[in-house]
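Novice: Let's see this in three dimensions:
(chains A and B)
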Amino acid sequence: MGFKDYCFRKSLWVFHFGGASCNNCDIEILDCLTPRHDLERFGILLVGSIRHADVLLVNGSINRRDKDRLLELYHQAPKPLLVVAIGACGCTGGIFAEGIPFAGPVDKIIPVDAYIPGCPPKPEAIIAGIIKLAGKR
Amino acid sequence: MSRKTLIPIGPYHPLQEEPELFKLYCDGEIVTDIKWETGYNHRGIEKLSESKSYDQVFFLVERICGICSTSHPFAFANAVEEIVGVEITDRAKYIRSIIGELERIHSHLLWVGLAGHFLGYNTVFMWAWKYREPVLDLFEMITGNRNSYAMFKVGGVRRDIENIKIPAIRKEMAVMRKKLDLLTGAVMDDPVIHARTKGVGILTRQDIVDYGAVGPTARASGIDIDVRRDDPYAAYSMVNWKVITAQEGDVFAKAEVRLLEMYESASIIEQCVDALEKMKEGDIALKINEIPEGIGTGRAEAPRGEVFHFVVSDGSNSPARHKIRAPSYTNIATFKKSCIGQTIADATISLAAVDPCYCCTERMAAAYDNSSGRKILNANELIALSMKRTSELRKSGAGHE
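Specialist: Below is the predicted model:
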């Protein structure tokens, strides 16, 4: 077991970065934490500071204003860090990719470990993605 | 001597699901001034809309905001149908109203949950979100997706609600009433919630008029406005329901208005499915071949208030101009009245009380040159430019045709 695997062996703590999104993915992420889906049973918890996080969850297209802040958050995060891009906008820019303020999908700005497509992805898809990511390690 | 402290909330705060930045200027624990910054969510939708065909714009406007993903297509459909000058079929009207009201229930439940979370009352948060799930299941059954339903098109709706699905809707509404009774009882009778929300964040009748607030925010202050009744669209003039108002204007009154509105929505849905059952299946959309030249305005009552869409058509396949005004745009400005003079702990629930939706409200704040990355115009210059253009138009007499 390498150092990186050792770090992700137990509960994953998640920091949620909502870029320029339509809110749907944000709500489905919150939905994962509520009784029907209850991600906390896997030890997954939303935390308030990137310095406590193992996973950076990014959704929404990234506009010019978000870009620098996302980079800064990535640099502040303790490594190793898993980055997950959620939703069509997080993966490719989606319907907003042709928009004026669009500043590139997430993987043009920071390295991404997992993509969860969908507009918005169902909570089941989000759970499957995160469990797959945790199991791979 | 008093010292002023600046407390920033956001832009990526764990409490908020959207990025926005509030600056609370505090003297001790009392908030003396508040400023907010947006732009983290700007996507340039109005410009994008001009590059899409009318059918595609529906998919775009429904992604303005994930929570009101029926209200924007609703208002846009009303605007385009005004340009075309058609009246959609009764069945399409009822289906539109059912989707709109289901959305109101899920949005208000979401708000009740978040408000509980803001108060530190996570039980209400978990309850409300648990009760919201069956509504999303209904959406999945009717439209095929939990959010972003893609139900609307010019001249009608894309999918029918077949008679076979109606018993499930009726059953869910009956169960929903019981759940709402439980939730309303828990919220209305709880001494902690009373203590935290009564007399907090009061907006008087005059404040609402001054700031032009709409929706439940205005109705909680005794202003009886509702687009569904004042300018009826879809099936709202064909069913019986009433507009809920309260007089106090505090956070508790806003919660009360929203909770009672959900009962009205359930009743509208029941009446609509009753009407659907008596009709012939399949008569859901008119065939519209082209959109003529013209100007159309569309209004719809979103869960947060009035959504307004203005569409200019030049006879081509896509809108020549598409202007959108979401309810939060006016509601957010009331923070200047509701938060100042409160303690910091009460300011957060006052901020949440209008159910602000920032992804609806985003505006451009600065213009950059694409090749050099240099700032060309800042916010004040943009406002000055806009005012200059308006006064020019006024002088030339445009808009008074």
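
Novice: what stretches of chain B score poorly on pLDDT?
Specialist: For chain B, applying pLDDT under 70 flags the ranges B:1-2, B:14-15, B:364-373, B:397-401.

Novice: 50 instead, please
Specialist: Within chain B, the stretches with pLDDT under 50 are B:1, B:399-401.

Novice: Assign a three-state SS to the closest residue to chain A within it, would you?
Specialist: Evaluated by C-beta to the nearest C-beta, chain B has residue B:66 as its residue closest to chain A, separated by 2.9 Å. (C-beta placed from N, C-alpha, C; glycine too.) Per DSSP: H, G, I helix; E, B strand; the rest coil, the local secondary structure of residue B:66 is coil.

Novice: Tell me how many other residues surround the nearest residue to it once chain neighbours are set aside.
Specialist: Ranked by C-beta to C-beta, 6 or more residues apart in numbering or on different chains and with sequence neighbours excluded, the top spatial neighbour of residue B:66 is residue A:24, at 2.9 Å. The criterion is other C-beta atoms under 10 Å in any protein chain shown. On that basis, residue A:24 has 27 neighbouring residues.

Novice: can you tell me which residues contact residue A:24?
Specialist: Shown in contact with residue A:24 (C-beta atoms under 8 Å, 6 or more residues apart in numbering or on different chains): A:87, A:119-120, B:63, B:66-67, B:69, B:147-148.

Novice: Can I get the buried part of those as one ChimeraX selection?
Specialist: Once 16 or more other C-beta atoms under 10 Å in any protein chain shown is used to decide burial, the buried members of the contacts of residue A:24 can be selected in ChimeraX as follows:
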select /A:87,119,120 /B:63,66,67,69,147,148
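
Novice: In strands, which of the contacts of residue A:24 fall?
Specialist: In this view, the contacts of residue A:24 have no member that belongs to strands under DSSP state E.

Novice: so which of the contacts of residue A:24 comes closest to residue A:2?
Specialist: If you rank these by distance to residue A:2 using C-beta to C-beta, residue A:87 comes first, at 30.5 Å.

Novice: Surely that closest one and residue A:122 touch.
Specialist: No. Residue A:87 sits out of contact with residue A:122 when judged by C-beta atoms under 8 Å, with a separation of 11.1 Å.

Novice: Turn the contacts of residue A:24 into TSV, columns for distance to residue B:304.
Specialist: Listed next are the contacts of residue A:24 as TSV, based on distance: C-beta to C-beta, whole Å:
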residue	distance to residue B:304
A:87	23
A:119	22
A:120	20
B:63	17
B:66	13
B:67	8
B:69	13
B:147	16
B:148	18
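
Novice: Within its local environment, how many residues does residue A:51 see?
Specialist: The criterion is other C-beta under 10 Å. On that basis, residue A:51 has 11 neighbouring residues.

Novice: That one is in contact with residue A:76, isn't it?
Specialist: Yes. Residue A:51 is in contact with residue A:76 according to C-beta under 8 Å; the separation is 6.4 Å.

Novice: which residues do these two both contact?
Specialist: Contact criterion C-beta under 8 Å, 6+ apart; no residue bridges residue A:51 and residue A:76 by contacting each.

Novice: quick revisit: just name the closest of the contacts of residue A:24 to residue B:214, please.
Specialist: Checking these against residue B:214 with C-beta to C-beta, the nearest one is residue B:67 at 16.0 Å.

Novice: Need the phi and psi values for the residue in chain A positioned nearest to chain B.
Specialist: Nearest to chain B, among the residues of chain A, is residue A:24, at 2.9 Å (C-beta to the nearest C-beta). Dihedral angles phi and psi of residue A:24 (degrees, to the nearest 10) take the values phi -60, psi -50.

Novice: so what's the residue nearest to residue B:293 when sequence neighbours are not counted up against?
Specialist: Here the nearest residue to residue B:293 in space, its sequence neighbours aside, is residue B:315; by C-beta to C-beta, 6+ apart that works out to 4.3 Å. Contacts for residue B:315 (C-beta under 8 Å, 6+ apart) come out as B:290-293.

Novice: hmm, back to that, could you measure from the residue nearest to residue B:66 over to residue A:60?
Specialist: Using C-beta to C-beta, to the nearest Å, we find residue A:24 at a distance of 9 Å from residue A:60.

Novice: can you check residue A:37 too?
Specialist: From residue A:37 over to residue A:60 (counting by C-beta to C-beta), the distance is 21 Å.

Novice: higher neighbour count, those two?
Specialist: Using other C-beta under 10 Å, the more surrounded residue of residue A:37 and residue A:60 is residue A:60, with 32 against 18.

Novice: was I right about that one contacting residue A:25?
Specialist: Yes. With contact defined as C-beta under 8 Å, residue A:60 and residue A:25 form a contacting pair (6.7 Å).

Novice: what is in contact with those two at once?
Specialist: Looking at what touches both residue A:60 and residue A:25 (by C-beta under 8 Å, 6+ apart), the common residues are A:18, A:87, A:89-90.

Novice: Return only those of the residues you listed found close to chain B.
Specialist: Intersecting the shared contacts of residue A:60 and residue A:25 with the surroundings of chain B, defined as C-beta under 8 Å from any C-beta of the partner chain, gives residue A:18.

Novice: from the shared contacts of residue A:60 and residue A:25, which is closest to residue B:262?
Specialist: residue A:18 (26.5 Å).

Novice: Pull the number of nearby residues for the nearest residue to the closest one once chain neighbours are set aside.
Specialist: When the adjacent residues along the chain are set aside, residue A:18 lies closest to residue A:26, with 4.8 Å between them (C-beta to C-beta, 6+ apart). With neighbours defined by other C-beta under 10 Å, the count for residue A:26 comes to 27.

Novice: before we move on, back to that, show me whatever sits in contact with both of residue A:24 and residue A:60.
Specialist: Contacts common to residue A:24 and residue A:60, judged by C-beta under 8 Å, 6+ apart, are residue A:87.

Novice: Could you measure from the closest residue in space to residue A:71 that isn't next to it in sequence over to residue A:126?
Specialist: In space, not counting the residues next to it along the chain, residue A:71 is nearest to residue A:109; the distance is 6.2 Å by C-beta to C-beta, 6+ apart. In this structure, residue A:109 and residue A:126 are 21 Å apart, going by C-beta to C-beta.

Novice: Compare these two and say which one has the larger neighbour count.
Specialist: Ranked by neighbour count (other C-beta under 10 Å), residue A:109 and residue A:126 place residue A:126 first, with 25 against 19.

Novice: Name all residues that make contact with that one.
Specialist: Residues A:28-29, A:32, A:86, A:116 are the ones in contact with residue A:126 under the rule C-beta under 8 Å, 6+ apart.

Novice: quick one, helices of chain A?
Specialist: Ranges of helices within chain A are A:3-7, A:24-32, A:64-76, A:87-92, A:106-109, A:123-136, based on DSSP state H.

Novice: closest one to residue B:300 among those?
Specialist: Each of these was scored for nearness to residue B:300 using C-beta to C-beta, and the closest is helix A:24-32 (18.9 Å).

Novice: Can you find the helix or strand in chain A with the smallest mean pLDDT?
Specialist: Comparing helices and strands within chain A by mean pLDDT, DSSP states H and E singles out helix A:3-7 as the least confident, with a mean of 73.
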